[in-house]
Every structure is written in C-alpha cells, then in structure tokens.
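Enquirer: sharing a model prediction with you, sequence too.
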Amino acid sequence: MPVTACHPASPGAGRAGEADRRPVVAMVGRPNVGKSTFLARASRRFVETANAPGTTVALERRLVTAGGREAWLVDLPGTRSLDDEPAGDDPFWTYLLAAAPDAILVVVDAGNLARHLPVAIACRDLGLPVVLAANLTDEAAKRGVTVDTGRLSQLINAPAHATCGRTGAGVDAALADAVRLGAVRRAVKSGSTSPRATIPAPVYPFALEADLAREAAALSTEPRSLGAAAVLEPIQIGVLGGIVSPRGGASLRLASGLEPARWSVAAGWAEQVERRVDVPEPFADRLARLATAPWPGIPAFLGISIAMFLAVITIGGFLAGLLGEVWGATMSPFLATAVPAIVPWPVLANALTWSLDGGLLSMLAVGIPYILTFYVMLAALEDSGYLTSAAVLMDRVFGTLGLPGRASIPLLAAAGCNVPAIYGTRVLRTRRERVLASWLVTLTPCSARSAVIIAALAPYAGVPAAIAAFGVVALTAIAAGVGANAMIPGRQPALVLELATLRAPIVEHVLRKAWWRFKGFVVTATPIMLLGSLALGLVYEAGIWKDIADAIGPATQAVLGLPAIAGVAMAFAFLRKELALQLLLVFATVQLGRAATLGELMVPAQLFVYAVVSSLTIPCIATLAALRGELGTRASVVISGASLVLAIGLGAALARVLGIA
Amino acid sequence: MSRTSAAPTSSPVFPAHAGDARVPLSRIAVGWRRIVDGVDGPDRAELEREGVLPGSVVVVTARTPLGGPVVVELGRARLALSASVAAQVATRPFPGSDDPR
C-alpha cells in the first residue's frame, strides 16, 4: 500500500534525514473538492486529477515554496472522515500518521460547508495546526454562496482562506499560512523554540469531551516494558511519537462517537458563515439532474458511450493508417538495412528487425491512435463529472455482475485496449471488484481483437456474421461475469456515492491527464511488446513454428475444426493480438508457397470459430503483465487459464453446432 | 416551495407529529421531502460519512428502473444510494410538505 512509501518512524520520507527542517504539510479534504488542482497550483506542477471521487490513490509529495519557506506538501487521498477507508483497506488516519504532518491544510467546498466542515473539525481535534481553504469559490459563487472566512476562522480557531484552485486565487496565501504554522511546530518539536500553548476549541457536548479526556490520558501513558511497547497500536505510536496530541489520538479512537456531533456543529457553523443570494439554478445543475434520471439519462448514456466508441474507432483507424504509412516509408527500410549491418547472425538479425519494426510500429499504430484517443475522451468525461452519473445509471446492470456502476468506466476502456482498462480498475474499492472487473476486461474485445473479428468475418462471411461473433463474445463475457460473481466469495458493497457536479472539461487538465496516463502505458507496455516481438521473431526465423504446428495441429483440428496453422497463429497472438490474422497469412504463404487469402484457408464457419476463440483466449502479453502488476501472479494465472478454458470450450461447442468438427 | 438548503441538516428542530409513519427512504416517491428519522443497518457508517444522519432533510430526485439506486438531495449535495441502502434509512414527513414539491 502507498502507506509504505513513508514510515511513521521517518516522518516526511524523501528528505535528507533529521537535518531537514522543512515542515510537512498534509492536504486533507473530501473527495472531489479540488485538492489535486489546488496542489498543482501550489506546486506549479500537474497532478492527475479527476472530477470523480477517489482518483488520488497514492501519496503525492511535492517540494513547495510558500511565504519564503520551503515545505513538503503531501496530497492524501480524498476522505469523507478520518476513519474512512479511501483505498478500500486502511483507515485514512494511517495515511495521515504515515505522512507525519506538521500542519494540515484542510480543503473544503465553499459552496457546501455543512458537508465539508466535519473533516476539518476532525483534523482540528488532532492537535496539529490547521489551515482551512474554502475552495471552489467560483462554483459556490455560481450558486449564490459566499463565505465569511473571518467568522469561520474564529469559529474553528484556525486561519481560513477563500480559495479557487482553478484560478489560483487565495492558494498561495493559504499554503503560506500552513507552511508558517508547520515550521513553528517543527521548530518546537526540535527544541529550537519554546512552544506556545495551543488550546483546542471544545466543540462537543460535555459527555463526549469527558470521554476524550479519559481516552487521552490512557494514550499518553508510556509503555512500562519492551514487551508492552511491542504491542502498541498505531494510534498510540502516533501519540507517543508526537505526531498527534493525546486528545488527537483519543479523537481517532472515539471517531464514530464524535462524527454525529461534528456534523451537527458543522451545520451550525455553516449557517453562521454562509452568505446566500438567490440565483437561478445553474444550467449545469439542471443538466446533472437530467443525467441521472432514467429519462433522458439512460438514452444519453447509451448515446455518449456509442459516440465515444465510434470516435475512438474512427479517429484511431485514421491515425493508425497514417502513422503506419509514415513508418513503412521511413523507419521500416531503415531498420531493414541498419539491423543486419550491425548484427552478424542472420537469424538474430531478422528476429531483431521483426522485433523493432513490428514492436515499435504496434506501439505507434495502436498506442497513439487508439489508446491516447481513448484516454483523451475518458479524461474529458471524467473531468466533466459525468462519470458518476454513468455509475448510478449502470449500477443495477453491473450489480448482476457483482460490480458497482463505476466499473462501466474501465470496461468501456477495455473496448479500446485491455491494458489501460486493467489499470482503470483501480477506481474500484475492493479486491473482489477489481478481480471481477479485470476478468470481464480480459474477455472484452479490445480494438485489436475487434479488428481481427471484423477483418476475418466481414469480407468472407458477411457483416451479419461479424455482428453475430460480437454477440457471442458479449453473451459469453456476461455469462462468465455472472458465473464468476457467484463463485468468488463475498458480495458487492451497496452503492453510496456522492454525485459530482457537472462542468465543462478543462482542456489543459484533460490533455495533461491523458498524456500522463499514456506515458504510464508506454513505459509498461513497450519493453513487453519489444521482447514479445523478439521471441516471436526468433521462433519464426528459426523455423520452430512448424514444429509447434505439428504438435498442436491434430488437437486444433479435432477440437475446434481448424487448420493447424490457425492454432499456431492463435497461440502466437498471445504476444500481440493484432497478429492473429497477419501471422496466419504469413504461415499460409510459407506452407502453400504462395500468398493466400483467409477465404482460401478457411470456410466461413471456421473463420467464425477462429474469430471468437482468438478473441476470448488468454489476454495478450501486455494485458497479462498489467494483470500481474495489479492483482498478483496467482490471480493473473487463474484469469488467463479460465479464459483459455472458456474460449476452447466455447470454440468446441461452436464447431460442433456449425458442423466443422 | 423553498429551497432544500433552507433547512439545517441536523438537530431535532422538527417535532415529530403524532401518528407520523416511518417510511424507509427506498419507498419514497420522486419529489418528496423527508426528514431522516434513524439509520439502522450494515451501511450506517457509510451513510454517516455522507451526512445521512437523524435530522437530515432529504429530497428524492430520481429513481432508476429495476430497483436501481435512488438519487436524493441532501443540502446542496446529491447522493446515489442503492435500494438496499435506502431501505436502511427511516424517514418521517417534512412538516408542511404533504404534497410533492
């Protein structure tokens, strides 16, 4: 977990030992309050942001300068309370203790203080300096709300600033305040200045305050022996290590009892500090309401999904063709002459040429056109806040697959490429959901597999056959999803989701986020694509593929009713799915001694089985690498094995129904 | 009809009427404004984090078909709750709100 990025024992990891006098400022706030945009403003650098709850999953740390001081700014995942579990496992306060902040910058929504102040009050209880940033003032103003930050500051007994992450207004001032207070606390802790008494603002009813005091006394008792020290719980370590005050530790222990009181106090304060004028309801809010209503929400969702899919296919296809031509005219001839000139062994040289030419081209011709295009559109949808509406509309449908509605997002991504979709399952909360979603992702035909289905069937078996193949694959995937949901223990947590407000996506955010994710994909996939292509090249150049064909040919024939080389091509498509067809033609050329078309190799029924089976079998090597990275070796092996069994089983059944085996 | 935000989200300022029916939120029709009377069930903590506490005022704004989530307004926020979660929220009528708004 991200928590391991820095250990409570070494607060502010990344700094040079104890000599570092730079204070650590943690940013805390509810999901979707604009913390990441705020951080980007504060540090003048971009962080991945999304107008959908829960997109900051790892600890972000930035060196910032504010008010003439340097400080570490730590972005924590959005949280709804300090004992919330933003990443689905550890409570939020473990992240906070791990960051060991000297001050907390609490970012709240200026337009909805009653909802956001409970977290601020909880932070105030920790005994750390707190600075309040009443953010999203632009959105609040649109809804006729302004905040009296002076009064708010008095009530919470901490500096309060009106901020707008988008324009940067107030950001520097708020940050400078937090850094200043953090620096003071750090100096006090290191003994270079004397502490000033900090008086917690008692906001709770007497009985709760008494409980807090009792718990605080228990927490501040030093362990009597080494054995006792070994069983200290994290909160006590935090208290004894001076990360939070004894009362702060007590407030973490008693969190659930304090929460209703915090909401009640927050509602009262919000009443006092909000200035409201009546304004007509913003268009975006009316639109947001319509987006979640069954009518016109569901048709709109379907329209948006289809439009997005068609746009990716169209723009991607155009760019892929263009890049392919440019590559073929420039890089291919260059590699074909350069590689043999450097590498003296013909087999290795040819394999390397294959690897570099094919591998890099596929990164270029699949990666940029399809994946980057998809990322841009996904980022635009995310940034607009529409995705939470989609999550609500799709909740019931995905519920039958054991998934929350937000899984519709990675699954939509899967139709472009499975690799980003697997990483996209991080938006899901539990491991069970991630496993189920990844399983469905691997069964969803990506653009390469869709291309195989279309190219194999449309010209030789007709467009209806291609549509039927997609239908068979979709039904199989749904059945497999329902089956997996029934088999994997546990159940889907019920939906409790705050809906994001809608807004026009910010071009800069969208492009940067898309680029940031795309870079991640390139880094993960490129080495695997190159190595995979090299392995494929070696097997081909060394002639081993013929032995493989002889070995698996009879089985392919008997079970699926397909020619031997079809089996080899499918096995090799493990490296790159788009090769399922090209490779088949290459093998056919070698075997027949002349160029052949797919129509000559297989009858329409065989092509149908081939398209369906090659679409459903084991995901490609890049997807497998993503699966392994996200879910571990065991889960990735199980998912691949299951997809292989499913594909062969279905293929065998189809072959019998169609009368080819 | 006044705006939802006019009512504070907590504290028992609204007297319970004698004979008021406690109806789960999952069974409230679109357009009705209700006061949360109590939350009881496995998702209580989750609802608490979203501000669904006794005394909160909620307005049902949409229901998705086939027993899908219910969308409610809570102050200026909008929440989507599965039917099973909404069933854990007992509500009583909002005073003077005998008709859908």
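Expert: Received, thanks. Residues are numbered from 1 along each chain as shown, chains lettered A, B, ... in the order given.
Enquirer: quick one, helices of chain B?
Expert: Assigned by DSSP state H, chain B shows helices spanning B:44-49, B:83-86.
Enquirer: please give me every residue in contact with the residue in chain A that chain B sits nearest to.
Expert: Nearest residue of chain A to chain B (CB to the nearest CB) works out as residue A:396 at 3.4 Å. For every residue, glycine as well, the C-beta is placed using N, CA and C. Contacts for residue A:396 (CB atoms under 8 Å, 6 or more residues apart in numbering or on different chains) come out as A:405, B:64-69.
Enquirer: please save the CA atoms from the helix or strand hosting it in PDB.
Expert: For residue A:396, the host element (DSSP states H and E) is helix A:395-399. Provided in PDB are the C-alpha atoms of helix A:395-399 (Å, rounded to 0.1, in the frame of the first residue of the first chain):
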ATOM      1  CA  ASP A 395     -25.300   0.300 -11.000                       C
ATOM      2  CA  ARG A 396     -28.300  -2.100 -11.400                       C
ATOM      3  CA  VAL A 397     -26.900  -3.600 -14.600                       C
ATOM      4  CA  PHE A 398     -23.400  -4.100 -13.300                       C
ATOM      5  CA  GLY A 399     -24.800  -5.300  -9.900                       C
END
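Enquirer: am I right that residue A:562 sits in a strand?
Expert: No. Using DSSP: H, G, I helix; E, B strand; the rest coil, the secondary structure at residue A:562 is coil, not a strand.
Enquirer: now the residue lying closest to it once chain neighbours are set aside, what's its secondary structure?
Expert: Nearest in space to residue A:562, with sequence neighbours left out and distances taken as CB to CB, 6 or more residues apart in numbering or on different chains, is residue A:556 at 5.2 Å. Secondary structure, three-state DSSP: residue A:556 is helix.
Enquirer: now do the contacts for residue A:556.
Expert: So residue A:556 contacts A:562-564, A:566-567 (CB under 8 Å, 6+ apart).
Enquirer: I'd like the next helix or strand past the helix or strand encompassing residue A:328.
Expert: Secondary-structure assignment from DSSP H and E places residue A:328 in helix A:294-342. Remark: after helix A:294-342, the chain's next helix or strand is helix A:346-362, criterion DSSP H and E.
Enquirer: now that following helix: how far from the chain's centre is it?
Expert: For helix A:346-362, the separation from the chain centroid amounts to 33 Å (computed by CA atoms, centre = their mean, to the nearest Å).
Enquirer: quick check: next helix or strand after that helix?
Expert: Downstream of helix A:346-362 (by DSSP H and E), the next one is helix A:373-384.
Enquirer: does the closest residue in space to residue A:400 that isn't next to it in sequence count as helix, strand or coil?
Expert: Nearest residue to residue A:400 in three dimensions, chain neighbours excluded: residue A:482, at 6.3 Å (CB to CB, 6+ apart). Three-state call for residue A:482 (three-state DSSP): helix.
Enquirer: please report phi then psi for residue A:27.
Expert: Residue A:27 adopts backbone torsions of phi -100, psi 130, taken as degrees, to the nearest 10.
Enquirer: for it, list the residues it contacts.
Expert: A:35, A:38-39, A:73-76, A:104-107.
Enquirer: ok, the residue of chain B at minimum distance from chain A - how many residues close by?
Expert: Residue nearest to chain A within chain B: residue B:68 (3.4 Å; CB to the nearest CB). For residue B:68, the neighbour count with other CB atoms under 10 Å in any protein chain shown is 22.
Enquirer: distance of it relative to residue A:67?
Expert: The gap separating residue B:68 from residue A:67 is 50 Å, by CB to CB, to the nearest Å.
Enquirer: what does the pLDDT read for residue 93?
Expert: All of this is about chain A. In this model, residue A:93 is scored at 92, pLDDT.
Enquirer: not quite, I wanted chain B
Expert: pLDDT, read off for residue B:93, is 91.
Enquirer: would JSON lines of the contacts of residue A:396 with distance to residue A:511 and pLDDT be doable?
Expert: Shown next, in JSON lines, are the contacts of residue A:396 (distance: CB to CB, whole Å; pLDDT from 0 to 100):
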{"residue": "A:405", "distance to residue A:511": "27", "pLDDT": "79"}
{"residue": "B:64", "distance to residue A:511": "33", "pLDDT": "88"}
{"residue": "B:65", "distance to residue A:511": "37", "pLDDT": "83"}
{"residue": "B:66", "distance to residue A:511": "38", "pLDDT": "84"}
{"residue": "B:67", "distance to residue A:511": "40", "pLDDT": "86"}
{"residue": "B:68", "distance to residue A:511": "34", "pLDDT": "88"}
{"residue": "B:69", "distance to residue A:511": "32", "pLDDT": "92"}
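Enquirer: ok, of the residues you listed, which one's closest to residue A:545?
Expert: The closest of these to residue A:545 turns out to be residue A:405 (CB to CB; 44.8 Å).
Enquirer: that closest one reaches residue A:392, doesn't it?
Expert: Yes. Between residue A:405 and residue A:392 there is a contact under CB atoms under 8 Å: 5.9 Å.
Enquirer: need the overlap of contacts for the two.
Expert: A:495, B:69.
Enquirer: okay, those two: which has more neighbours?
Expert: Using other CB under 10 Å as the criterion, residue A:405 and residue A:392 rank with residue A:392 on top: 29 against 26.
Enquirer: now the more buried one: how far from residue B:62?
Expert: 8 Å.
Enquirer: before we move on, what about residue A:440?
Expert: Distance from residue A:440 to residue B:62, by CB to CB: 27 Å.
Enquirer: mind listing the strands for chain B?
Expert: Secondary structure of chain B, counting by DSSP state E: strands at B:23-24, B:33-39, B:57-63, B:70-74, B:77-81, B:89-93.
Enquirer: just to revisit the earlier point, in strands only, show me the contacts of residue A:27.
Expert: For the contacts of residue A:27, the ones inside strands are A:73-75, A:104-107, with DSSP E as the criterion.
Enquirer: now, among these, which is nearest to residue A:473?
Expert: Checking those against residue A:473 with CB to CB, the nearest one is residue A:75 at 40.4 Å.
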